[in-house]
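1. With the input below, show me the fold.
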Amino acid sequence: MDAYTTHMSLYTSDDAVLCRVFPTSLKGAALSWFTKLSPNSIDSFATLVAKFETQFATSRLHHLTSIALEGIRQEKGESLRIFVDRFSKVAMSIQNLSPDVAMHHMLTVLRPGPFADNLCMQPVDSLDELRKRAAKYMQLEELREFRNQEKKVR
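-> Sure thing, here's the model as predicted:
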């Protein structure tokens, strides 16, 4: 529904048009549901949205909260890049997540090491600064890993 209304807002806000075009965005079970609606049962786009959301409420994505970040920890042996990617995917799926809350959670779940040590000695003021500094340490980790692989080959 969000994708449809966002797309259609580029062209019109006319209720009748929104209702008439809506079925062209559906397929499968949603289209089947729509075609079985009683004639004249939709008097506005708001009514259509309400009926659609009621019908498919269980299909809605569950909205995560910042509590979801509590379960994410940098695992032993996990590279900083993999951890940051994993953490970021969850953080991006949390609506209205405060950057300060995200930064706090990330700082508390890093495993001890050079990056965490650096952050203790030189704290960051923003999530963007944390990401920039993490990127430098990711490159350092990857360079070290590459050098270790080269030593093994020789």
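2. Without its sequence neighbours, what residue ends up closest to residue 137?
-> The shortest distance from residue 137 to any non-neighbouring residue, by Cβ to Cβ, 6 or more residues apart in numbering, is to residue 115 (4.3 Å). For every residue, glycine as well, the C-beta is placed using N, CA and C.
3. my bad, residue 101
-> That would be residue 66: by Cβ to Cβ, 6+ apart, it lies 5.1 Å from residue 101.
4. Point to the residue nearest the middle of the protein.
-> Nearest residue to the geometric centre of the chain (Cα atoms, centre = their mean): residue 93, 2.6 Å.
5. Quick one: mean pLDDT for the lengthiest helix in the chain?
-> The longest helix of the chain (DSSP state H) is helix 127-153. Regarding helix 127-153, the rounded mean pLDDT is 92.
6. Buried residues of that helix, list them for me.
-> Neighbour counts using 16 or more other Cβ atoms under 10 Å place 127, 130, 134, 137, 138, 141 of helix 127-153 among the buried residues.
7. tell me the domain ranges of this protein?
-> 2-59, 66-153 (automatic domain parsing).
8. What mean pLDDT does the first one get?
-> For domain 2-59, mean pLDDT rounds to 92.
9. again with stretch 86-99
-> 90.
10. So what touches that stretch?
-> 63-66, 68-69, 72, 102, 105-106, 109, 126-128 (Cβ atoms under 8 Å, 6 or more residues apart in numbering).
11. cutoff 6 Å now
-> For stretch 86-99, contacts defined as Cβ atoms under 6 Å, 6 or more residues apart in numbering pick out 63, 64, 66, 68, 72, 102, 106, 127.
12. which ones among those are found in helices?
-> 102, 106, 127.
13. And for residue 124, the neighbour number?
-> 17 (other Cβ atoms under 10 Å).
14. Please apply the same query to residue 83.
-> 21.
15. Which helix or which strand is home to it?
-> Assigned by DSSP states H and E, residue 83 belongs to helix 80-92.
16. can you count the residues close to residue 72?
-> Counted with other Cβ under 10 Å, residue 72 comes out at 16.
17. what's the closest non-adjacent residue to it?
-> residue 87 (5.4 Å).
18. how much space between the one you found and residue 134?
-> Note on residue 87: its distance to residue 134, by Cβ to Cβ, to the nearest Å, is 10 Å.
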